[in-house]
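>>> sequence first, predicted model second:
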Amino acid sequence: MGFGQPVPLRPIDAGSGAKAALAAERADHVEANRRLESDGAFYGDVQTKFGAPE
């Protein structure tokens, strides 16, 4: 779920390579965007059903 919750930053391990760190960062970015899209869809549904302002 994670509604309205930030995606925490992962610690970068000293032994991890740049590709692994970038892959983890990308996965977190995708998760953050998924949460934002879900939050927006939820609020859009609220606006439609209850006439909330934009």
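Thanks, I have the structure now. Numbers count the residues shown, from 1 in each chain.
>>> going by C-alpha atoms from here, please, whenever you check contacts or count neighbours.
Fine.
>>> tell me the phi and psi of residue 4?
Taking degrees, to the nearest 10, you get phi 70, psi 10 for the backbone angles of residue 4.
>>> run a quick neighbour tally on it.
By the measure other Cα atoms under 10 Å, the count of residues near residue 4 is 11.
>>> all helices of the protein, in order?
18-50 (DSSP state H).
>>> pick out the residue nearest the middle of it.
The structure's the chain has its C-alpha centroid closest to residue 32; by Cα atoms, centre = their mean the separation is 1.3 Å.
>>> my guess is that residue contacts residue 4. True?
No. With contact defined as Cα atoms under 8 Å, residue 32 does not count as touching residue 4 (9.9 Å).
>>> quick one on the thing from earlier: what about the nearest residue to the residue nearest to the centre of the chain once chain neighbours are set aside, distance to residue 42?
Closest residue in space to residue 32, ignoring its immediate chain neighbours: residue 7 at 5.8 Å, by Cα to Cα, 6 or more residues apart in numbering. Relative to residue 42, residue 7 is positioned 18 Å away (Cα to Cα, to the nearest Å).
>>> now do the same contact list for residue 36.
residue 4 (Cα atoms under 8 Å, 6 or more residues apart in numbering).
>>> now with 10 Å, please.
Taking Cα atoms under 10 Å, 6 or more residues apart in numbering, we find residue 36 in contact with 2-6, 30, 42.
>>> repeat that for residue 33.
With contacts defined as Cα under 10 Å, 6+ apart, the neighbours of residue 33 are 7, 27, 39.
>>> any idea how far the second one lies from residue 34?
Looking back up the chat, that one is residue 27. 11 Å.
>>> are any of the contacts of residue 33 buried, and which?
Neighbour-count burial (16 or more other Cα atoms under 10 Å) applied to the contacts of residue 33 gives residue 39.
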